[in-house]
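>>> would you be able to build a 3D model of this:
(one chain, ligands or ions: 3)
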Amino acid sequence: GDLLGLDNLVANTTYLKAQQIDRKELRKRRLSLTLPKLKKTSALQAAEGERYESLCEQQPIGRKLFQQFLLTSNDQYAAAAEFLDELSKWSFAEDEKREKAKQTILAKFCQPGSTRFLSYFTEEDAETCKDLSDSNFDEVILDHLREATREFLKGRPFSEYLKSQFFYRFLQWKEYERQTITDKYFYEFRTLGKGGFGEVCAVQVKHTGQMYACKKLDKRRLKKKGGERMALVEKQILEKVNSLFIVNLAYAYNSRHHLCLVMDLMTGGDLRFHIYDLGKRGIRMERVVYYTAQITSGLLHLHNMGIVYRDMKPENVLLDGKGQCRLSDLGLAVELSKGKMICQKVSAGTTGYMAPEVLKQEYYRYSVDWWSLGCSIYEMVAARLPFRDFREKVQNDEVTRRTLEDECKFEHKSFDAPTKDIISRFLKKRVARRFGYDSECDDPRSHEFFNSINFHRLEAGLLEAPWVPKPDVVYAKDADEFKDSSDIKDVKFDTKDEKFFREFSTGAVSVQWQKEMIDSGVFDELNSTTVIQRDRETAWK
Ligand code: ADP
Ligand code: MG
Ligand code: MG
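Numbering: from 1, shown residues only. Ligands and ions are numbered 1, 2, ... in the order given. Okay, the predicted model is just below:
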């Protein structure tokens, strides 16, 4: 290494500068970009079996093009599109603006004389509108009207859309989305961290400027240690979840030596780093509440999908540039089939955060994540674990004994009553007594610890963070601290390995990729520069 740390300085500067790239430079990079012409078969494949929900609601580009179709077709379709738009604005409006938004909706869409009147409303719907003017059950009634509108859109408007040039354009984007991804798609920057099978570095998509983190799994190391299945599970779970509070996967591809997972870049560092490495130990209460709220939403998202995370700890919670946090490292996560439970001879998790039922090798399900969350809240406040002091030299057996037998003590002065209460509920040794065990009747989000949090707005990404990372600081260890560990040479790959590498390399993940196209402006640019060349013989005309 160099004594002055110059290499590190240069690495940090190029990495920070890449994040500030300007639009002009980007336009130059993509001058030659055009949307592909459609191949008939692949286009039809893309549309086959796809439903309204996926085509017009979940996929960001599909949603945009369907909206453009509605707004340019006729007054009735346009009114339906605007109605849904205003409903969502109303739903996320803050208290004072809510009543006004509701009155606007009523006047614009629900009065028979108005130009934007929703003429597909039945008499029953119209009656419902009347109730709305003096009702306290806004949510329920507006939900009903939203459903009525969706039912309408799924009918004739949707089938007309499928025959329109807007849908043809959508299929062109799908064709583009399916491109093969290689190393050449990205610029690579400094290493940000290191894991069991290789390093994680910052990368940038050349033609959009979008920054990501790339987790590079060494193929030889994977084979030698038998980590293939775990890598595939991590990839499959990551691509399935779509939450603001879990690191999203944008691409999965393979290079000569690595399997690569390209994920949201989290520039703010992990919570462990914030608890111990930034001067004053511990995190102040306002931030603890905010992070815990986001983590809770992330855990509930996983649990609702039948996934147990099993590695909840501050080290695995990463902050993005705005100071919002996400769960990462889903390498230990498992998906449960209905009614199934987990029981393993080797306890999965990290010492100090593992629940009694894991340590006793009993059957368990989601309860283990709530235990670990209790430990993590405790640690954010007190900068130590409930059953292990900071840097305490103690055997794992002793931590296990304390976890199973001792009461949790709250000696640190920052613990207030609600915080002690929520931690105690998460740290119930008996699973059936633990908070979150039956989320139907004890949803952790309703605990008074979260009184200051509006979860509806939080879960829409609208609640600003109490602390924002500085844009000119790299919240990671120096790049040269992640030295390459010994090379593995005596590994050869056979056809089965090659098949596995291909199975892993599925390329762009639809929702994330489409978001990237929209956010970077590529969507608008290519739509205006590519002429729609419609082929008369194609089946969709
Ligand atoms: P492993 O499963 O091998 O432990 P991780 O997924 O935990 O690997 O990644 C290793 C390290 O890389 C993390 O501790 C963190 O410092 C860094 N890292 C991982 N994902 C990201 C990300 N999305 N953004 C920024 N840094 C990351
Ligand atoms: Mg890790
Ligand atoms: Mg892992």
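
>>> how about the contacts made by Lys338?
Counting by C-beta atoms under 8 Å, 6 or more residues apart in numbering, Lys338 touches Gly306. Where you see a C-beta, it was placed from the backbone N, CA and C, and this is true even at glycine.

>>> low pLDDT regions in this structure?
1-4, 40-49, 132-137, 345-346, 438-441, 484-486, 530-541 (pLDDT under 70).

>>> in it, which residue sits closest to ligand 3?
Closest approach between the chain and ligand 3, counting by C-beta to the ion: Gly331, at 2.7 Å.

>>> straight-line length of stretch 389-400, end to end?
Distance between the boundary residues of stretch 389-400 (C-alpha to C-alpha, to the nearest Å) amounts to 14 Å.

>>> show residues contacting it.
Contacts of stretch 389-400 (C-beta under 8 Å, 6+ apart): Tyr276, Arg281, Thr351, Gly352, Leu359, Ala383, Arg384, Phe387, Arg388.

>>> so which bits of the stretch 351-500 of the chain are right by ligand 3?
In this structure, the stretch 351-500 of the chain does not approach ligand 3 anywhere, judged by C-beta under 5 Å from the ion.

>>> now swap in the chain and tell me
Near ligand 3, when you scan the chain using C-beta under 5 Å from the ion, you find Asp329, Gly331.

>>> mind running it again at 8 Å?
Taking C-beta under 8 Å from the ion, the part of the chain that reaches ligand 3 is made up of Gly195, Gly196, Met230, Glu234, Asp311, Asp329, Leu330, Gly331, Leu332.

>>> write a PyMOL command that selects only the buried members of these.
The following PyMOL line selects those of those that are buried, judged by 16 or more other C-beta atoms under 10 Å:
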select buried, resi 230+234+311+329+330+331+332
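
>>> so which residues of the stretch 401-541 of the chain form helices?
417-426, 455-458, 495-504, 510-519, 522-529 (DSSP state H, counting those that start in this stretch).

>>> got the CA positions of the third one in PDB?
Think helix 495-504. As requested, the backbone C-alpha atoms of helix 495-504 are provided in PDB (Å, rounded to 0.1, in the frame of the first residue of the first chain):
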ATOM      1  CA  THR A 495     -21.500 -28.800 -17.600                       C
ATOM      2  CA  LYS A 496     -23.600 -28.900 -14.500                       C
ATOM      3  CA  ASP A 497     -21.800 -25.800 -13.100                       C
ATOM      4  CA  GLU A 498     -22.200 -24.000 -16.400                       C
ATOM      5  CA  LYS A 499     -25.900 -24.700 -16.300                       C
ATOM      6  CA  PHE A 500     -26.100 -23.300 -12.800                       C
ATOM      7  CA  PHE A 501     -24.300 -20.100 -13.800                       C
ATOM      8  CA  ARG A 502     -26.800 -19.600 -16.600                       C
ATOM      9  CA  GLU A 503     -29.800 -20.300 -14.400                       C
ATOM     10  CA  PHE A 504     -28.500 -17.600 -12.000                       C
END
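
>>> which pair of the residues of the chain next to ligand 3 spans the longest distance?
Gly196 and Leu330 (13.5 Å; C-beta to C-beta).

>>> re earlier: from the contacts of stretch 389-400, which would you call buried?
Neighbour-count burial (16+ other C-beta under 10 Å) is assigned, among these, to Tyr276, Thr351, Gly352, Leu359, Ala383, Arg384, Phe387, Arg388.

>>> return the residues in contact with the nearest residue to the last one once chain neighbours are set aside.
The reference is to Arg388. Distance criterion C-beta to C-beta, 6 or more residues apart in numbering; nearest residue to Arg388, sequence neighbours excluded, is Gly352 at 4.9 Å. Neighbouring residues of Gly352 by C-beta under 8 Å, 6+ apart: Lys313, Cys375, Leu385, Phe387, Arg388, Val399.

>>> output the residues you listed as CSV; include the columns secondary structure.
Listed next are these as CSV, based on DSSP: H, G, I helix; E, B strand; the rest coil:
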residue, secondary structure
Lys313, coil
Cys375, helix
Leu385, strand
Phe387, coil
Arg388, strand
Val399, helix
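
>>> quick one, helices of the stretch 151-300 of the chain?
Ranges of helices within the stretch 151-300 of the chain are 156-161, 165-177, 219-225, 228-240, 271-276, 285-304, based on DSSP H, counting those that start in this stretch.

>>> residues of the stretch 201-350 of the chain that sit close to ligand 1?
Proximity of the stretch 201-350 of the chain to ligand 1, by C-beta under 6 Å from any ligand atom, involves residues Ala213, Lys215, Val247, Met263, Asp264, Leu265, Met266, Asp270, Leu318, Ser328, Asp329, Gly331.

>>> of those residues - the most surrounded one?
Lys215 (28 neighbours; other C-beta atoms under 10 Å).

>>> and the longest strand for this structure?
Identified as the longest strand of the chain according to DSSP state E is strand 186-195.

>>> how far away from the center of its chain is it?
20 Å (C-alpha atoms, centre = their mean, to the nearest Å).

>>> sorry, back to before: shouldn't the residue of the chain closest to ligand 3 be within a helix?
No - under three-state DSSP, Gly331 falls outside any helix and is assigned coil.

>>> that one and Val399: what is the separation?
To Val399, Gly331 is 22 Å away according to C-beta to C-beta, to the nearest Å.

>>> again with Cys325
The value you get for Cys325 to Val399, if C-beta to C-beta is used, is 26 Å.

>>> and of the helices of the stretch 151-300 of the chain, who's closest to Tyr475?
When the helices of the stretch 151-300 of the chain are compared by C-beta to C-beta, helix 271-276 sits nearest Tyr475, at 6.4 Å.
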